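[1] I'll drop the sequence and a predicted model, then ask my questions.
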Number of protein chains: 2
Amino acid sequence: MQEFALIARLAQRLRARRGDTRIGIGDDAAVIAPAAGQELAVTSDTLIAGRHFPDDTAPFDIGFKAIAVNLSDLAAMGAEPAWLTLALTAPALDASWCDAFIDGALAAIGAASVDIVGGDTTRGDLSITVTAIGTLPAAAAITRAGARVGDLVAVTGTLGDAAQGLALWAEREQQQDAHARFLIERLCRPQWRNGSVLRGLVHAAVDVSDGLAADLGHILSASQVGARIDIDTLPASTALMHTVPDAAARRRMQLSGGDDYELCLILPAAQVDAARAAVDAPLTVIGVIEAAPGLRCVDASGAAVDPLQDRAHGWDHFSG
Amino acid sequence: MQEFALIARLAQRLRARRGDTRIGIGDDAAVIAPAAGQELAVTSDTLIAGRHFPDDTAPFDIGFKAIAVNLSDLAAMGAEPAWLTLALTAPALDASWCDAFIDGALAAIGAASVDIVGGDTTRGDLSITVTAIGTLPAAAAITRAGARVGDLVAVTGTLGDAAQGLALWAEREQQQDAHARFLIERLCRPQWRNGSVLRGLVHAAVDVSDGLAADLGHILSASQVGARIDIDTLPASTALMHTVPDAAARRRMQLSGGDDYELCLILPAAQVDAARAAVDAPLTVIGVIEAAPGLRCVDASGAAVDPLQDRAHGWDHFSG
């Protein structure tokens, strides 16, 4: 398919729906009209085939994940997603691949009021860069720098699922087990959380993309605090419990496995009930913010443990 | 260099300078604060090594071009550039490559008040996706759809230089000729124009990235009009005249060569002097908008010519 024909096809499928999208796909740039006083959160994430998703991932799932990981970054800022650009590089494109990719992108958006307003198509090894723009009331952004000593550490949903999904990837075709299918779906179609409902309730947030230890570490650095977490409280799905019965192996996966796209929240104890009622996933308190720098793990008995030992804490795309 | 160390280094070099940048590099997303009533132009362009620039392009020039082509898209909308995100994919990164790349990016920004507020670094074949956001007064965007019958067609600067620079690329090391060096610099460091000064003066605009015939064609389609251009008026640099003395070959290059990043403007005759005084490059009138669809070329005698014959009109990244 020629680039111009492809863009015309995309533009047809991606008509703007928001009243504050003045110009969508098809000009040199899109034009958007934020409301007076609105601030905007802006984030860009790239997904590379074979690095951020297995080479043989279905186009629907590639489209889904490319959008979801960016909407997850907006959620971690407390922003409401509004606009996306989509830069797609692919060796070749046919209409059916493209339609499945866009089906996945639109599925990741779901019922949210989000317009894909622009982007680019180029030929090369498969990769996708999405830029997401979300809206925020003035001075309402949730940052990584707001954690205070005595705050609690909580996470949405369950951790370690995507890492185990990846471990099961090679045998997915033979896999009839519902637990395995669940874990692979967690890897391929991560559900971004609605972070905008957490504004005013939490002091800091980050999304768990590189693994809990690494991402919580970003909050600790930015806030100049430390944390103690109880590894026996880390929320695990039934599927993860079932497929990784060894507790030590499971906890390593939950601490260092990336790609879950849950939110790690830092909040005062008094706001836990309100945050739990507001957010669109179970919320589990896993620890507390302390003054001493660094991340300390304890078990249910209170004994210090070091589940990661000298393993890498989270993913680092340039050192792996 | 590890990704986190690299991001820390970039963040250090790219401190926000604009008062309306609330949060720059280092959180899950940047936060920007548009003024009340401001609209924003948003564009994303990807550059792939070996496709959008020669594989052996210097990192400074890669950084320069990745930024310039996006600021050129904002210029074509009449927007003032304000914020950028920069998603860099590279096989490996060292500090000196990275510094040269950022030097080039900052050189392309020049004196403009533009913050690089975020982005991503990933490992893979070299490519860069930049998203640029510019500001616009309400309803002031210059689109491709505003051309009216009787308007004039004009272009800034000179055309064909980048195409000839690419033709000379292979022998650039031996090249001591000032003309050749000029043309290669036009390819590697395209100067984006200041389109914001053209608001209210022009009816339509596009930047010449894929070649004049292709890009003017976008305006004609969007505006449902046609155009007649006098190929003897196409502005050529001294360097292009010198290195491509054959007029027919030169005009093909000027009509179909991409990468010049000049602006093609559609404006009423009464506004030509004002536009010429406002824009930061020479402005040349090359034709007129007509009611009959399509692009017609004539020479100085008024005779119809077809310089491109059945050659491809401009670049198409998926059909080449």
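    Perfect, I can see it now.

[2] which positions in the longest helix anywhere in chain A come out as buried?
    Scanning chain A for the helix with the most residues, using DSSP state H, yields helix A:59-76. Applying a neighbour-count criterion of 16 or more other C-beta atoms under 10 Å in any protein chain shown, one finds A:59-76 buried in helix A:59-76. (Each C-beta comes from the backbone N, C-alpha and C, glycine too.)

[3] so, low pLDDT: which residues of the stretch 151-300 of chain A?
    A:175 (pLDDT under 70).

[4] ok, which residues in the stretch 51-200 of chain A are in contact with chain B?
    A:51-52, A:73-74, A:76-77, A:79, A:83, A:85-87, A:89, A:92-93, A:117-125, A:127, A:129, A:131-134, A:136, A:138-139, A:141, A:143-145 (C-beta under 8 Å from any C-beta of the partner chain).

[5] rewinding a little: and the longest helix of chain A, average pLDDT?
    Helix A:59-76 comes out with an average pLDDT of 98.

[6] CA atoms only: put that helix into CSV for me.
    Provided in CSV are the C-alpha atoms of helix A:59-76 (Å, rounded to 0.1, in the frame of the first residue of the first chain):
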residue,chain,number,x,y,z
PRO,A,59,-0.8,-6.8,14.9
PHE,A,60,-3.9,-6.2,17.1
ASP,A,61,-1.8,-6.7,20.2
ILE,A,62,1.0,-4.5,18.9
GLY,A,63,-1.5,-1.7,18.3
PHE,A,64,-3.1,-2.3,21.7
LYS,A,65,0.2,-2.2,23.6
ALA,A,66,1.7,0.8,21.9
ILE,A,67,-1.3,2.9,22.9
ALA,A,68,-1.7,1.3,26.4
VAL,A,69,1.8,2.0,27.6
ASN,A,70,1.5,5.6,26.7
LEU,A,71,-1.9,6.0,28.3
SER,A,72,-0.4,4.4,31.4
ASP,A,73,2.2,7.1,31.6
LEU,A,74,-0.5,9.7,31.5
ALA,A,75,-2.4,7.9,34.2
ALA,A,76,0.7,8.0,36.4
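
[7] next helix or strand past it?
    strand A:80-90 (DSSP states H and E).

[8] could you check the angle helix A:59-76 makes with that next one?
    140 degrees (axes from the mean of the first three to the mean of the last three C-alpha atoms, to 10 degrees).

[9] now, which of the residues of the stretch 51-200 of chain A next to chain B lie within strands?
    Those of these mapping onto strands are A:83, A:85-87, A:89, A:117-123, A:127, A:129, A:131-134, A:136, per DSSP state E.

[10] just the helices in the stretch 151-300 of chain A please.
    Taking DSSP state H, counting those that start in this stretch as the criterion, the stretch 151-300 of chain A contains helices spanning A:161-167, A:178-188, A:212-223, A:238-243, A:247-256, A:272-278.

[11] number of residues surrounding A:Ala247?
    Using other C-beta atoms under 10 Å in any protein chain shown, A:Ala247 is surrounded by 14 other residues.

[12] can you flag the buried ones in the residues of the stretch 51-200 of chain A next to chain B?
    Neighbour counting with 16+ other C-beta under 10 Å marks A:51-52, A:73-74, A:76-77, A:79, A:83, A:85-87, A:89, A:93, A:117-124, A:127, A:129, A:131-134, A:136, A:141, A:143-145 as buried within those.

[13] buried set for stretch A:268-279?
    In stretch A:268-279, counting by 16+ other C-beta under 10 Å, buried: A:Gln271, A:Val272, A:Ala275, A:Arg276, A:Ala278, A:Val279.

[14] list the contacts of it.
    Contact with stretch A:268-279 is made by A:148, A:150-152, A:154, A:156, A:193-195, A:197-198, A:201-203, A:263, A:265, A:267, A:282-283, A:285, as judged by C-beta atoms under 8 Å, 6 or more residues apart in numbering or on different chains.
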